[in-house]
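Novice: Need the 3D shape of this:
(3 chains)
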Amino acid sequence: MTRGTLIYIGQRLLLITLTALIVSSIVFIGVHQLPGNAFLSERSPNPLAEQQLVHHYGLDRPWPVQYVSWLTGVLHGDLGESLVNRGVKITPLVLREARVSATLGFWAMVFTITLGMSLGILAAVKQNTLLDYVASFCAVIGYSMPSFVTATFLVLLTVTGFFAWSGGLVYENIGWGKPEQIPVPAISLGLLPSAIIFRLTRASMLEVIRQDYVRTAWAKGLRSRIVIIRHALRNALIPVITILGPITTGVITGSIVIEYIFGIPGLGKEFINSIANRDYNVVIGVFTFYAILVGIANLLVDLVYPILDPRIRSDGHLTQLFRARCHFRRHRHLRSR
Amino acid sequence: MTGIRFKSLVVTVAAAFVAMACGGNNTTGTGGAELAADQTLTIPIQDDVQTLDPGHVQSGVDITFTTEMFAGLYGLDNSNKIINMIATGQPDVSSDGKTYTFHMRKDAKFWNGDPIKSSDVLYSWNRAAALNDAYATVFQPVVGFDDTSNGKTKAMSGLSATDDYTVKATLTDAAGYWMSELAIWTAAVVSQKAITAAGEDVWWTKPDTAVGAGPFKMTERTAKASMAFQPVANWWGGSTGALKNIKVEIGVDQASAVKKYEAGGYDLVGMANNGPGPDDILRYKADPTKQKEENIYPAARTTWVNFGFTGSSPFAPKAGITPGQPTAGLSADDGKSGRNAFSLSIDRAALVDVACSKGATCTAATGGLIAKGLKGYVGDGKDPNAVFNASTAKADYTKWDPSGSKIASLKYRYNASAGNTKIAQNLQSQWKANLGINIDLAPSDFPTLIADRNAKKTPLARGSWGADYDHPQDWFDNLWTCDAAKVGHGGTEGYCNPAMDKTLATANAESIDKAIPSYQQAGQTLIDDNVDAVLFYGTQTYFTHTYVQGAGFNSLYDFNWQGIKILKH
Amino acid sequence: MWQDAWRRLRRNRLALVGMAIVTILILTAIISAFWTPYPVWIQSLGPTYQGPTAKHLFGLDDSGRDILSRLMGGAQVSMIVGVGTATLSSIIGIVLGLLAGFYRGWVDAVVSLLINIFYGLPDLLIVLLIVAVTQQRGLQNIILAISLTAWLGMARLVRGQTLSLREREFVEAARSVGTRDVHLLIRHIFPNALGPIIVQATFVIPAAILFEAFLSYLGFGVKPPTPSWGAMASEGYRSLQFAPHIILIPAAALCLTLMAFNFMGDGLRDALDPRMRR
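Specialist: Presented below is the predicted three-dimensional model:
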């Protein structure tokens, strides 16, 4: 690891921390500036009990003091205590639910990358054939289907449609914990990103395959084709890896709705529930966690990226990587260096 | 190469999915009569309990848990027959019906081991009367109740203990319904020691201090999150049944409850007045495999639209009436046209179709406020306010509020659940379609709604009542007397009719058969005064897994926990 | 250049289909502001969950409301949110992008920092937070909330365009004549970046519509009984097995709309920038 890379990693970590803190702070301050407090609209047993609750959570202190105390807690990994469910510490709750969401997200990504890349490669190789047109058309459809629509479709298919004969083997009912409960939510979550990956893979592979010198080699036959495809594949991986960051963000976004529909006890469902319950501590805690998570994901992507593409090596400039993340525009950013 | 690679990929992925699918093993058979090893019952409720203090309990949710934690002289079995609990048998009643002598068991104890004596009974009953909450009227027949409930005396003069195990009660008048009242939770025995040690507001909130004599005790409570109960070891009343643990999850809305139920997270949905929503009920009806898990029980429950009769409510007969002051027999009733308009503009058949799973879970109410099937029901079709008549409604409304100023700040208050939301939205739509007015909806949680309703701060709100026992006194005394109309008491309209109160008082003293015509007459008065827009008579729906036996609903209450078993599954 | 683009666009059949659908959508939205077969809020028009009939072409929903009318009303909501967000976020993004790209220095540093910070965050979370915490559920609030995350893409694009355009000869020439900065930005740089800007804006619309659908599906969208396709889908999910039309119809409308905008956007991009063709 070069010194430049180390500096770069350091800068990125700093940026992530800064991002997470700034965003969470905005959320924290914004929430605490709201009129009223979390207990007002709930009927408290009596004013004395409410007083005790307010004091227990430190809500009677001036908000800058609350903020500092919260910040200190976060830096120690303590995200606080739930407002609605007394005694429930947020950090273990978030970690437990993050594991559930991570499992779902992992399988969704497996599906996304598998389907997207394989179809993309196939379509590129068989460009302008029926397969290509059908696949591309389907990709646009997939790209236009909100995850809850995909989910509905799949549930229809498995519960009353084609798979109904299996009597619940392919998809059982709502919930989490059994392996057969994974495919349908994972596919619902992963279908839309897979369309993106498909287009990306196809476009990147075509960029290589369609160049003149390649066309000649291509015409030479199967062996050359295999070599070309391998080379093109390596090329195609780069934008895919690049876009993994935004895709992860997209999967996190999508998982909120999917967890809601399928009753999966993950972070997304917790976020929705705590907003509905006005459990602001949990809301802020989950949000902070997400901010850190996404930051790390993007960092990893940016670290892997230069390894794959020797033409783009980081030399410590943030804005350079920033520019490098534009997918379809590989040529352009090469020129502007 | 790509082709092969792609195909093998597809095959691998497909195989993986198939493997995952075949991996699960789901048998939900009913098994034999074998009991499961884990006798834990897990149920959801949407809103937290308001209180579990028998002297304060009034809402259906609270009742289920309170009746398992606490016991009084008498109780109710699964068919609502009065059974002996701490009492050894029926009381000795004097010939004039005014003196009751109760004999107690000598072995009854609180779960902490303290023996129960007649002093405890006196303490509990006097306390309930002094607290003067919604159901304090249970002791109204007793001499001295008025003074105690008003705070003038600490104990009812008509109650006494002749010895450690005998309680004597003198009533002001014979009261045929009093035994039914003694069987409900308000007459349960509570521990003076525990209450004074822990504090009046707090004692029921913690497992250590929620001391009762019932078959179960609270073992865990996290406000707004969860509760747990376990049977009392060596319970003096005999067997506590098969269940070893009852877990309650709080804060679960109806849709999530059904979802989790289907995933096996809950054993049943519907206990403690927390049933599934209308869409899910319909879905289960339409699905042959799920139908056997759905049980729709008739419930002695009426739902209506509450009109406020006091304060600044536009529906009041005149402005500025203090709750507790007469609202009937006044020279004019300025709110009548408004109440008529709002009631006649509702097509109950349409409402039932929308809000009650196409009529599966309720029937349109045409016979007054007391539910059909109960004593005191006025009669089918006897309520002219419940007939849909859009043109009359519109005429009434225009007469009442030509400028629209009266309804300007009016909102329909209700506690948000899937079913109630559908009712609210349908009412909103019907008022808009038939009267041309826009009424905003204001959902809240149940405790807030109860508090505001009892404080008479809700001119237009959802109202509902499930009978506690089959006697009209249960309805009138709790909802429509001048006493109930006071702030903090359960009469949510604030309706106060002194003449009707006199009729009721006489009827309460008579035997039920003689009293029925008087109650029906009172019911007719409520109709004539258009006190509420009665909507429908309801049912209670349970979703129960086939491996749960002994759970159910008997039109008034949930079946006792003692009879519930979990079979092997 | 524009005529070239138009010619290329016309040849793209998919894009034409997309544009046709979008036009129908806009027309429906406008019409529904004045007339729908039945009022969108009125319940109990017939038996609940009823399937398509002659009187109600798309059937009735779980409360007996006419689905066709609500579909039209939902089109209005979608278009308002889509176009509103695209407009607002584009204005913010263009202004900030131009300033950042042109002046560089600390302006650029601030804008880039902002973009960097919010780029990685899941936008749905931020939007949910804003909408839920402020407890306002009007259309304006939703548009504002979504725009606050959508301006990033436009700003980045415009910044990049400005950065490269400012080095071009015509800018040097204009500068040497003494043209004011603002004039430069508006009259010279902006028009040359217009192509990609239009494409980007076109893609913001379906993203915003999708967002609003998510919000209403979760129950944080416009207040009922205002119809929204996402809310309609959410209401219909529970009756999926015995009345699938309640969810399928708004879901199909949503997909069709998103597809149309995507085709149109693809077509526009190909037409306006031949270098980016596949």
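Novice: List, one by one, the residues from the stretch 101-250 of chain C near chain A.
Specialist: Counting by Cβ under 8 Å from any Cβ of the partner chain, the stretch 101-250 of chain C comes close to chain A at C:112, C:115-118, C:120-125, C:128-129, C:132-133, C:160, C:163-164, C:206, C:210, C:213-214, C:217-220, C:230, C:233-234, C:237, C:240-241, C:244, C:247-248. (Each C-beta comes from the backbone N, C-alpha and C, glycine too.)
Novice: Name only those of the residues you listed that count as buried.
Specialist: With burial judged by 16 or more other Cβ atoms under 10 Å in any protein chain shown, the buried subset of those is C:112, C:115-118, C:120-125, C:128-129, C:132-133, C:160, C:163-164, C:206, C:210, C:213-214, C:217-220, C:230, C:233-234, C:237, C:240, C:244, C:247-248.
Novice: follow-up on the earlier one: list the ones among the residues of the stretch 101-250 of chain C next to chain A that fall in helices.
Specialist: Those of these mapping onto helices are C:112, C:115-118, C:123-125, C:128-129, C:132-133, C:160, C:163-164, C:206, C:210, C:213-214, C:217-218, C:230, C:233-234, C:237, C:247-248, per DSSP state H.
Novice: wait, what's in contact with B:Asp528?
Specialist: Not one residue lies near B:Asp528 by Cβ atoms under 8 Å, 6 or more residues apart in numbering or on different chains.
Novice: can we see that at 10 Å?
Specialist: Residues near B:Asp528 by Cβ atoms under 10 Å, 6 or more residues apart in numbering or on different chains: B:328, B:383-385.
Novice: ok, it to chain A distance?
Specialist: To chain A, B:Asp528 is 35 Å away according to Cβ to the nearest Cβ, to the nearest Å.
Novice: pLDDT score for that residue?
Specialist: pLDDT recorded at B:Asp528 is 93.
Novice: circling back: keep only the ones in helices among the residues of the stretch 101-250 of chain C next to chain A that also lie close to chain B.
Specialist: Contacts with chain B within these, as defined by Cβ under 10 Å from any Cβ of the partner chain: C:Tyr237.
Novice: Among the contacts of B:Asp528, find the lowest-pLDDT one for me.
Specialist: Among the contacts of B:Asp528, B:Ala328 has the lowest pLDDT, at 87.
Novice: Show me the longest helix that occurs in the chain.
Specialist: No chain specified, so I'll use chain A. Under DSSP H, chain A gives helix A:222-262 as its longest helix.
Novice: Can you look at chain C instead?
Specialist: Across chain C, the longest stretch assigned as helix under DSSP H is helix C:67-103.
Novice: just checking, what packs against that helix?
Specialist: Other helices and strands packing on helix C:67-103, by 3 or more Cβ pairs under 10 Å, 6 or more residues apart in numbering or on different chains; DSSP states H and E, are helix C:13-34, helix C:105-119, helix C:139-165, helix C:181-183, helix C:190-218, helix C:229-237, helix C:245-272.
Novice: just those: most buried one?
Specialist: helix C:229-237 (a mean of 26; mean count of other Cβ atoms under 10 Å in any protein chain shown).
Novice: who's in contact with the residue of the stretch 201-337 of chain A found nearest chain B?
Specialist: Closest approach between the stretch 201-337 of chain A and chain B, counting by Cβ to the nearest Cβ: A:Gly263, at 3.9 Å. By Cβ under 10 Å, 6+ apart, the contact set of A:Gly263 is A:173-176, A:181, A:185, A:269, B:255-256, B:258-260, B:262-263, B:265.
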